[in-house]
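Q: Predicted coordinates and the sequence they were generated for:
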Amino acid sequence: MQGTVYIVGAGPGDPDLLTIRALRLLESADVVVHDRLVSETVMALVPAGVICIPVGKSSGRHSVPQAEINQILAELASNHRLIVRLKGGDPFVFGRGSEEALFLKERGIAFEIVPGITAALACTAYAGVPLTHRGISRGFRVVTGHLKEDGELDLNWQSLADPETTLVIYMGLASVDRMAAHLIAAGLSASTPAMAIQDGSTLEQHVVKATLASLAARVRMENIQPPAILVIGETVALADELNWFAPQTEYEDESMAVWAGR
């Protein structure tokens, strides 16, 4: 009997942010195929004896090619009843979950998508940054800063340089200099509050505050490493008042005196 593949979002790292559906599937799984970004505390919820297969990707290095991951899922479905494909964050937000689902669909393999809390929502909340706020931000955009093979960024900078929008960038550490320069050139103020959040929602959370112009320098100075997101927009300034989760010391840029009186 062919099994079902559950493509499950594990959230940003804090196991308390798992959905009840995700937890129940982990507790019932025959096999868990998991990414590197799934935290150890989430993996600790998998019962002893369950087969766990790591297929993790790290920045600039794919330990298991996507085509091979797809094939692993298909083969497991022919031998196991319940397969959990566990992904950090949400499967459909820069998680390639739709690619895996399409592969399974083409082969007649049953699948289900279980949403997870993506980093743009969770990590900003844990850093005290609202994505929208009346009178400050009317919306938010989520984009990837991942470079193409030729080293270019294919983004609509004029559209992104909106002072009434909060911008969240995934996989942007390697391109933070270029992204900041493009946004400033497109008209976004160099003094716009900005932030980098590493290991958001976990006890290792590390937050660096800066301006758009100084963000790249601060990221290098504090040696911010993946997994991390970048947040740019006026609502970042509210973190001074709304920061409720402080597992480690925050590092504030001296240039952020411009936040005063906003």
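A: Here it is on my side, so go on. Numbering: from 1, shown residues only.
Q: what about the most centrally placed residue in the chain, distance to N70?
A: Closest residue to the average C-alpha location of the chain: A119 at 3.9 Å, with Cα atoms, centre = their mean. Counting by Cβ to Cβ, to the nearest Å, the gap from A119 to N70 is 24 Å. Quick note: C-beta positions are derived from backbone N, CA and C, even for glycine.
Q: One more: G233?
A: From G233 to N70 the distance is 36 Å (Cβ to Cβ).
Q: Which helix in this structure has the most residues?
A: Taking DSSP state H as the criterion, the chain has its longest helix at helix 66-77.
Q: pLDDT of the helix or strand just after that one, averaged?
A: Per DSSP states H and E, the first helix or strand lying C-terminal to helix 66-77 is strand 82-87. For strand 82-87, mean pLDDT rounds to 98.
Q: Strand 82-87 pairs with which strands, and in what direction?
A: strand 4-9 (parallel), strand 31-34 (parallel) (DSSP bridges).
Q: in this protein, what spans have low per-residue confidence?
A: 1, 57-62, 148-151, 248-262 (pLDDT under 70).
Q: quick one: the strands in it?
A: Using DSSP state E, the strands found in the chain span residues 4-9, 31-34, 51-54, 57-58, 61-62, 82-87, 110-114, 139-144, 165-170, 193-198, 206-211, 228-232, 251-252.
Q: Double-check Q158 against L183; I have them as touching.
A: No. Between Q158 and L183 there is no contact under Cβ atoms under 8 Å: 9.9 Å.
Q: quick revisit: ok, G233 and N70, which is more surrounded?
A: Applying other Cβ atoms under 10 Å to G233 and N70 shows that G233 carries more neighbours, namely 29 against 19.
Q: So the more buried one is in contact with S137, correct?
A: Yes. Counting by Cβ under 8 Å, G233 does reach S137; the two are 5.8 Å apart.
Q: who touches both of the two?
A: When contacts are counted by Cβ atoms under 8 Å, 6 or more residues apart in numbering, G233 and S137 have 165-166 as shared neighbours.
Q: What's the separation between G13 and S98?
A: According to Cβ to Cβ, G13 and S98 sit 23 Å apart.
Q: go on, I53?
A: For I53, the distance to S98 - Cβ to Cβ - is 21 Å.
Q: who's more crowded, these two?
A: Just comparing I53 and S98: by other Cβ under 10 Å the higher neighbour count belongs to I53, 16 against 12.
Q: neighbours around S189, how many?
A: By other Cβ under 10 Å, the burial measure for S189, its neighbour count, is 15.
Q: can you check the one 3 residues further on too?
A: Number of residues near T192 (other Cβ under 10 Å) recorded here: 23.
Q: ok, now which ones touch it?
A: Per Cβ under 8 Å, 6+ apart, neighbours of T192: 163, 211-212, 232-234.
Q: so what's the backbone phi/psi at it?
A: The phi and psi values for T192, taken as degrees, to the nearest 10, are phi -60, psi 130.
Q: what pairs with V231 across the strands?
A: Bridge pairing for V231 - DSSP bridges - gives V168, M195.
Q: Verify the stated contact: it with M195.
A: Yes. Using Cβ under 8 Å, V231 is in contact with M195, at 4.5 Å.
Q: what sits in contact with each of these two?
A: Contacts common to V231 and M195, judged by Cβ under 8 Å, 6+ apart, are 127, 129.
Q: buried sites along stretch 136-146?
A: By neighbour count on 16 or more other Cβ atoms under 10 Å, the buried set for stretch 136-146 is 136-137, 140-143, 145.
Q: Return it as CSV; C-alpha atoms alone will do.
A: C-alpha atoms of stretch 136-146 as CSV (Å, rounded to 0.1, in the frame of the first residue of the first chain):
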residue,chain,number,x,y,z
ILE,A,136,3.7,53.7,9.6
SER,A,137,3.6,50.5,7.4
ARG,A,138,0.6,49.6,5.3
GLY,A,139,2.0,46.3,4.1
PHE,A,140,5.0,44.1,3.9
ARG,A,141,7.1,42.3,1.2
VAL,A,142,9.0,39.1,1.5
VAL,A,143,11.8,38.5,-1.0
THR,A,144,14.9,36.4,-1.4
GLY,A,145,18.4,38.0,-1.6
HIS,A,146,19.8,34.8,-3.1
